[in-house]
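Q: 3D, please:
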Amino acid sequence: MSKEAAQHKRSFLKRIWYDTLRVTSRLAGVCLFRIRVYGRENWPTEGGGLVCPNHQSFLDPLLVGLTCDRRLNFLARGTLFKFLPLRMLISSLDAIPVDREGSGLAGLKETLKRLKRGELVLIFPEGTRTRDGELQPLKGGFIPMARRGGVPIVPVAIDGAFDAWPRTATLPRRSVIHIRIAPPISTEMLQTLCDEELLAELDRRIADAFAAIRASRALA
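A: Have a look, this model is predicted:
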């Protein structure tokens, strides 16, 4: 563990709370959504990483988090902190607030800090939830963070979360959800690709993983 990481080591209570929530979420996920996870061996076992899933529903951060044995950091738009119960929950998980109306500079700086001290940070490169359950075009805002943080990019595909909680629904409902963690884009590859090539490579890996779990869901 680096000196900086050691200085920011979370309290025992925070670690217990996160682990308890992860175990509880796994049990609930299996019971309510018959969750299947593929590619868990692709999670980095140490060091920082930028986790990039497609975005189908409000459940997505929780879904990705329960597949990983390491702690994930989440970005959350600043307005979510205005609702007290939600603020208490996401604050307890050390979510990084992002001001989408302003520059968002503070959120970006905090993201870089956590990447550089060897943590995993989840960001949705599509920017917003899908309206039809399909993949959306990726935006390149994650690229400077990955380059400056010097961390690999972990592509993740989610399918079934849109059926569980589409944008038009007030509450989630039962569904079958499959998740696949694709092989990471290494820091060495980051250095050899230009931004356009990197965007295309992440898009390809998410699309391949998405096609695989869509096929597996059809057989479930």
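Q: okay, CA-based contacts and neighbour counts for the rest of this
A: OK.
Q: now do the helix ranked longest in the chain: distance to the chain's middle.
A: Assignment by DSSP state H gives helix 195-219 as the longest helix of the chain. Centroid displacement of helix 195-219 relative to its chain, using CA atoms, centre = their mean, to the nearest Å, is 15 Å.
Q: ok, residues contacting it?
A: Outside helix 195-219, the residues that touch it by CA atoms under 8 Å, 6 or more residues apart in numbering are 53-54, 135, 138-140, 143, 155-159, 176-183, 185, 190.
Q: for ChimeraX, what selects the buried ones among those?
A: Typed into ChimeraX, the line below selects the buried ones among the contacts of helix 195-219, using 16 or more other CA atoms under 10 Å:
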select :53,54,135,138,143,155,156,157,158,159,176,177,178,179,180,181,182,183,185,190
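Q: looking at the contacts of helix 195-219, which are in helices?
A: 143, 190.
Q: related to what we said a few turns ago, buried ones in the longest helix of the chain, by neighbour count?
A: 198-199, 202-203, 205-207, 209-210, 212-214, 217.
Q: same check, this time on stretch 69-79
A: 71, 72, 73, 74, 75, 76, 77, 78.
Q: related to what we said a few turns ago, least trustworthy position among the buried residues of helix 195-219, going by pLDDT?
A: Across those, the bottom pLDDT score, 93, is held by residue 217.
Q: any idea how far that one lies from residue 158?
A: 11 Å (CA to CA, to the nearest Å).
Q: anything in contact with each of these two?
A: Contacts common to residue 217 and residue 158, judged by CA under 8 Å, 6+ apart, are 177, 178.
Q: returning to that earlier point: now, which of the buried residues of stretch 69-79 lie within strands?
A: Those of the buried residues of stretch 69-79 mapping onto strands are 72, 73, 74, 75, 76, 77, per DSSP state E.
Q: number of residues surrounding the residue nearest to residue 106 when sequence neighbours are not counted?
A: Leaving aside its sequence neighbours, residue 106 sits nearest to residue 98 (CA to CA, 6 or more residues apart in numbering; 7.4 Å). Using other CA atoms under 10 Å, residue 98 is surrounded by 21 other residues.
Q: quick one, what contacts residue 98?
A: Counted by CA under 8 Å, 6+ apart, residue 98 has contacts 75, 76, 77, 78, 104, 106, 107, 108.
Q: and the fourth one, what's its pLDDT?
A: What the model reports as pLDDT for residue 78 is 81.
Q: run through the chain and note the low-pLDDT ranges.
A: 1-8, 100-104 (pLDDT under 70).
Q: recalculate using a threshold of 90.
A: Low-confidence segments of the chain (pLDDT under 90): 1-14, 29, 75-95, 97-108, 219-220.
Q: so what sits opposite the residue nearest in space to the middle of it in the bridge?
A: By CA atoms, centre = their mean, the chain has its centre lying nearest to residue 122, at 3.4 Å. For residue 122, the beta-bridge partners are residue 51, residue 74 (DSSP bridges).
Q: distance of it relative to residue 218?
A: Distance from residue 122 to residue 218, by CA to CA: 27 Å.
Q: can you give me the offset of stretch 162-182 from its chain's centre?
A: 15 Å.
Q: now for residue 96: which residues touch it?
A: 73, 74, 75, 76, 107, 110, 111.
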